[in-house]
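Participant: Next one to model:
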Amino acid sequence: MALSSTTKKVLIFSSIASAGLVSFLMFKLGKKEEFIDNVWCADGKCSNVNPETYESEQTYDTPSSSDPINTGYVQLLFKNKHSFSAGDEIFVKQTGDRNGNVTNKEYDGWHKVVKVLTPYILRLNIDRIKSSPMEGGYVQSESWWKRTF
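Facilitator: Got it, this is the predicted structure:
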């Protein structure tokens, strides 16, 4: 039984659309998750950081320190529970302070989650450079393709 030209066109279009959709889903980044700030934790477990009261306790206009300091790793604080695990590769994009200023641009980019300290705080594989005012941003997980291959 021969297919009509209209049926052939519909099949070709459907195949191309399906391939495009599968490709999009394979290569797109994961869901964006917003973080409040990068934090320093006094005890290594971040028991001094409470995500529910963190924003109200901060001084938004605190100037960044001018000298680099070595205080461990970058640790991101999320307002809501994050969905990441140790070993995940994530993309960090800081949106900055209230005025859009970003103190440590080196934190942006692809990093590995070294440790999940709490459901709200994770540690990355990058050294903390210096103090900054409260600067948030977002994090995205890698694509299905990158995770699989």
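
Participant: Quickly list the domain ranges of the chain.
Facilitator: Listed domain ranges for the chain are 1-29, 31-148 (source: automatic domain parsing).

Participant: among those domains, which gets the worst mean confidence?
Facilitator: Ranked on mean pLDDT, the bottom entry among the domains of the chain is domain 1-29, at a mean of 72.

Participant: Out of the domains of the chain, which one sits most buried?
Facilitator: domain 31-148 (a mean of 16; mean count of other CB atoms under 10 Å). C-beta coordinates here come from the backbone N, C-alpha and C atoms, glycine included.

Participant: can you give me the strands in the protein?
Facilitator: Secondary structure of the chain (DSSP state E): strands at 32-38, 73-78, 89-96, 109-118, 121-127, 136-141.

Participant: how about a markdown table for those strands, with distance to Ala17 added?
Facilitator: Output for the strands of the chain, formatted as a markdown table (distance: least, CB to CB, whole Å):
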| stretch | distance to Ala17 |
| --- | --- |
| strand 32-38 | 26 |
| strand 73-78 | 36 |
| strand 89-96 | 28 |
| strand 109-118 | 31 |
| strand 121-127 | 38 |
| strand 136-141 | 26 |
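
Participant: out of those strands, nearest to Lys8?
Facilitator: Lys8 lies closest, by CB to CB, to one member of the strands of the chain: strand 136-141, at 39.9 Å.
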